[in-house]
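Chemist: Build me a model:
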Amino acid sequence: MNKEVPSTEDFYCDFVLNNKIKVERVKETDNILAFHHTKPSYTYHIVIIPKQHITQLVDVDNMDIIKEIFEVAKEIILGNSLHQKNYKIITNGGEHQDSKHLHFHLVSGDKL
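Modeler: Below is the predicted model:
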C-alpha cells in the first residue's frame, strides 16, 4: 500500500495509468483497469477505471465502456463470491468526485 498519495485533479491518469504509483491490479483489459484502492474504506475495496480519460459519467459518449466496466465488476464479484455476502458499486460526480476521472468503487465487507 502507498502511504502518501499525491494530490491531483486526475490521480488515475497522472499516477496510476502512468505507473508513477504502484497499485495491486485485480483485472485488466485493453480498456479497463481494476485495482485495490490505495486507501481502502472497506475490508474489500476495488477501484475500476476506464483507461481512456473520461471526467465523469455524464461525459460518456460510448456506453460500451460502461458495459465493459460492469462486466469486469461482475467477474470480480463472482470470482470472490461477493454475491453470497455483500457488495455495492459506487461512483461520484461533480463536487463529490475527488479525482476528475470516471471511476467506480466496488466495495464489500465492513466499513473501515
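Chemist: where does this structure dip in pLDDT?
Modeler: Flagging of the chain using pLDDT under 70 yields the residue ranges 1-8.
Chemist: neighbouring contacts of the lengthiest helix in it?
Modeler: When the chain is parsed with DSSP state H, its longest helix is helix 64-79. With contact meaning CB atoms under 8 Å, 6 or more residues apart in numbering, helix 64-79 is reached by 26-27, 29, 31-32, 34, 46, 48, 50, 52, 54, 57, 60, 82-83, 87, 89, 104, 106. For every residue, glycine as well, the C-beta is placed using N, CA and C.
Chemist: Please tell me how far the residue of the chain most remote from its centre sits from residue 45.
Modeler: Most distant from the centre of the chain: residue 84, at 21.4 Å, with distances by CA atoms, centre = their mean. From residue 84 across to residue 45, the span is 18 Å (CB to CB, to the nearest Å).
Chemist: what do you get for residue 82?
Modeler: Residue 82 is 12 Å from residue 45, by CB to CB.
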